[in-house]
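1. Take this sequence and fold it.
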Amino acid sequence: MNSREELWSEVVASIEDLAVHGCYEKVNKYMSLNTVNKLRVKTIRLLGDSQRVLDAGCGPGTSSVLIAKMKPHAMLYLLDPSLKMLNIAVKTLTQTVNSIDVRPLVGRFERIPLRDNEVDGITAMFSFRDALDFEEAVAEFARVLGENGKLAILDIYRPRRLGRIIVGLYFRIIVPIAVMLSRCAARITKYTDFLETINVMLTKEELEDLLSKYFEKIVTYNIAPGLAIFYAESPKP
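-> Below you'll find the predicted structure:
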């Protein structure tokens, strides 16, 4: 197993641990100063009228619930490499939005278990940076999307220079405070893996170039240093 795969395995295990102990979303809420769900809603709105939606890297299903509430008649695919996370996500969804058509899928971004053109909208919220191979992941997104399909990625990218210092300070100062406020101090070491995923993530320009290789239209919505929504539309033939 190479270092990238080792990091990926550690991140998956950390997210499972945090979710099982009820810490994952509580800490995210404090980390984002209670703005994380507003950002998720903005990301989902970019999918327009898409009714076959893939939540890629769904985790415990927080984004999935918002998608289901905003698109109650949609067919919602949940993709995650962790069966434990998928079970939590499905349980959360069925308890919150009874009428939604939910289809869980165990898999990675690089090998999505769907046919070509099977969905018309994809979200990846704070999960894309955990991909093992960014280009293979984007190529798969383009493959499973229909002709006018829409992709919206909300994530932290690897900033340059001053931005990298700001993000590093954020994870070393704000994140520990968020963990303490969430009463999850015993799990504080789990967040060191997340900082490492930022260090191996693409820069904003690199991700834009990669998306442009596979999609006709690209728009970046800047939110803060190191944080943006990357929107891509219409996969190239």
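
2. which residues touch residue 227?
-> By Cβ atoms under 8 Å, 6 or more residues apart in numbering, residue 227 lies in contact with 155, 156, 157. C-beta coordinates here come from the backbone N, C-alpha and C atoms, glycine included.

3. List just the nearest of these to residue 167.
-> Nearest to residue 167 among the contacts of residue 227 is residue 156, at 7.0 Å by Cβ to Cβ.

4. That closest one - how many residues pack around it?
-> By other Cβ atoms under 10 Å, the residues close to residue 156 number 22.

5. would you list every one of the strands in this protein?
-> Using DSSP state E, the strands of the chain run over 52-56, 75-80, 101-106, 119-125, 145-156, 215-224, 227-235.

6. Can you list the strands that the last one pairs with?
-> For strand 227-235, the paired strands and their directions (DSSP bridges) read strand 145-156 (antiparallel), strand 215-224 (antiparallel).

7. Deepest in the core, which of these is it.
-> Highest mean neighbour count among the strands paired with strand 227-235 (mean count of other Cβ atoms under 10 Å): strand 145-156, with a mean of 22.

8. mind saving the C-alpha coords of that one as CSV?
-> C-alpha atoms of strand 145-156 as CSV (Å, rounded to 0.1, in the frame of the first residue of the first chain):
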residue,chain,number,x,y,z
LEU,A,145,-23.4,12.1,-16.0
GLY,A,146,-25.8,12.6,-18.9
GLU,A,147,-25.3,14.9,-21.8
ASN,A,148,-26.2,18.1,-19.9
GLY,A,149,-25.2,16.8,-16.5
LYS,A,150,-24.1,19.0,-13.7
LEU,A,151,-21.3,18.5,-11.1
ALA,A,152,-20.9,20.6,-8.0
ILE,A,153,-17.9,20.1,-5.7
LEU,A,154,-17.7,21.9,-2.4
ASP,A,155,-14.3,21.5,-0.9
ILE,A,156,-11.1,22.8,0.6
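
9. how far off strand 75-80 does the lengthiest helix in the chain point, in degrees?
-> Across the chain, the longest stretch assigned as helix under DSSP state H is helix 3-20. Angle, helix 3-20 to strand 75-80, by axes from the mean of the first three to the mean of the last three Cα atoms, to 10 degrees: 120 degrees.

10. Centre of the chain to helix 3-20, how far?
-> Centre-to-centre, helix 3-20 and its host chain are 14 Å apart (Cα atoms, centre = their mean, to the nearest Å).

11. and what of stretch 146-159?
-> Chain-centre distance of stretch 146-159: 9 Å, with Cα atoms, centre = their mean.

12. follow-up on the earlier one: could you dump the strands paired with strand 227-235 to TSV with distance to residue 123?
-> Listed next are these as TSV, based on distance: least, Cβ to Cβ, whole Å:
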stretch	distance to residue 123
strand 145-156	5
strand 215-224	14
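
13. Of all those, which one is nearest residue 36?
-> The minimum distance between residue 36 and the strands paired with strand 227-235 falls on strand 145-156, with 9.1 Å, by Cβ to Cβ.
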